[in-house]
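J.: what follows is a protein structure lacking sequence information:
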């Protein structure tokens, strides 16, 4: 079955994107390091 793996993959990707957004919001100085 593909669906459980697909749901897990989507959840992980969403969590990673959310984590990146939160980290950028909490640590603005990381953006300068991250851009290069």
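T.: Thanks, I have it. From a predicted model like this one, the values you see are computed outputs, not experimental measurements.
J.: going by C-alpha atoms from here, please, whenever you check contacts or count neighbours.
T.: Will do.
J.: helices of the chain, start to end?
T.: Using DSSP state H, the helices of the chain run over residues 3-26, 29-34.
J.: mean confidence for the longest one?
T.: For helix 3-26, the mean pLDDT works out to 93.
J.: how many other residues sit next to residue 12?
T.: Per other CA atoms under 10 Å, the neighbour tally for residue 12 reads 12.
J.: typo on my end, it should be residue 24
T.: Using other CA under 10 Å, residue 24 has 14 other residues around it.
J.: could you pull up phi and psi at residue 2?
T.: In terms of degrees, to the nearest 10, the main-chain angles of residue 2 are phi -90, psi -30.
J.: residues near it, how many?
T.: Using other CA under 10 Å, residue 2 has 6 other residues around it.
J.: and it, how far from residue 20?
T.: For residue 2, the distance to residue 20 equals 27 Å [CA to CA, to the nearest Å].
J.: all set now, cheers.
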